[in-house]
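Participant: model this:
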Amino acid sequence: MIDTLTHMVDGDTRYLQRLRDPSPPVADDRVGVSLVQLRSEIPDHRERWGRALDDLEAGRLHAAILGRDDYPDTDPAESMLLIQAIHHGNDHRTQICSTLGALELPLPEIDGWDSWARQHGAT
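Facilitator: From the prediction side, this is the model:
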């Protein structure tokens, strides 16, 4: 599970980079990263996503992707990157929850309804 969590955080980093840079350097997922380290990176991601979404809403964000062997040039790419970032995170969160459930461990509440309720003091 720690490798999946690391992959999620590293993938998120790459999506954030691609929103600003059409051809970032290829980066592999890290290995041996502690949960403490991963958790320490999340506040920065939250701030960067907030700025990116603010820039998108204000018309200041233009993302393009320079193609490689496995995908074409994509311009504009903002919508595709946002959809993929959401899908990627959901896919791997589901895998982790399936593993926790199979181990009969408690599952976190991670759906949109619970997130909204926590943010609005409804829980």
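
Participant: how long is stretch 19-27 end to end?
Facilitator: 16 Å (Cα to Cα, to the nearest Å).

Participant: sorry, that was for stretch 11-27
Facilitator: Terminal-residue distance, stretch 11-27 (Cα to Cα): 9 Å.

Participant: go through it and flag the buried ones.
Facilitator: The neighbour-count check on stretch 11-27 (16 or more other Cβ atoms under 10 Å) flags 11-16, 18-19, 22 as buried. Yep, even glycine has a C-beta here, placed from its N, CA and C like the rest.

Participant: in helices, which of the residues you listed fall?
Facilitator: 11-16, 18 (DSSP state H).

Participant: distance to His62 and pLDDT added to the buried residues of stretch 11-27, as JSON lines?
Facilitator: Putting the buried residues of stretch 11-27 into JSON lines (distance: Cβ to Cβ, whole Å; pLDDT from 0 to 100) gives the following:
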{"residue": "Gly11", "distance to His62": "22", "pLDDT": "96"}
{"residue": "Asp12", "distance to His62": "20", "pLDDT": "96"}
{"residue": "Thr13", "distance to His62": "20", "pLDDT": "96"}
{"residue": "Arg14", "distance to His62": "18", "pLDDT": "95"}
{"residue": "Tyr15", "distance to His62": "15", "pLDDT": "96"}
{"residue": "Leu16", "distance to His62": "15", "pLDDT": "97"}
{"residue": "Arg18", "distance to His62": "12", "pLDDT": "94"}
{"residue": "Leu19", "distance to His62": "9", "pLDDT": "96"}
{"residue": "Pro22", "distance to His62": "10", "pLDDT": "90"}
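
Participant: just send the residues you listed back as CSV, with distance to Gly67 too.
Facilitator: Shown next, in CSV, are the buried residues of stretch 11-27 (distance: Cβ to Cβ, whole Å):
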residue, distance to Gly67
Gly11, 19
Asp12, 22
Thr13, 21
Arg14, 16
Tyr15, 17
Leu16, 20
Arg18, 12
Leu19, 17
Pro22, 10
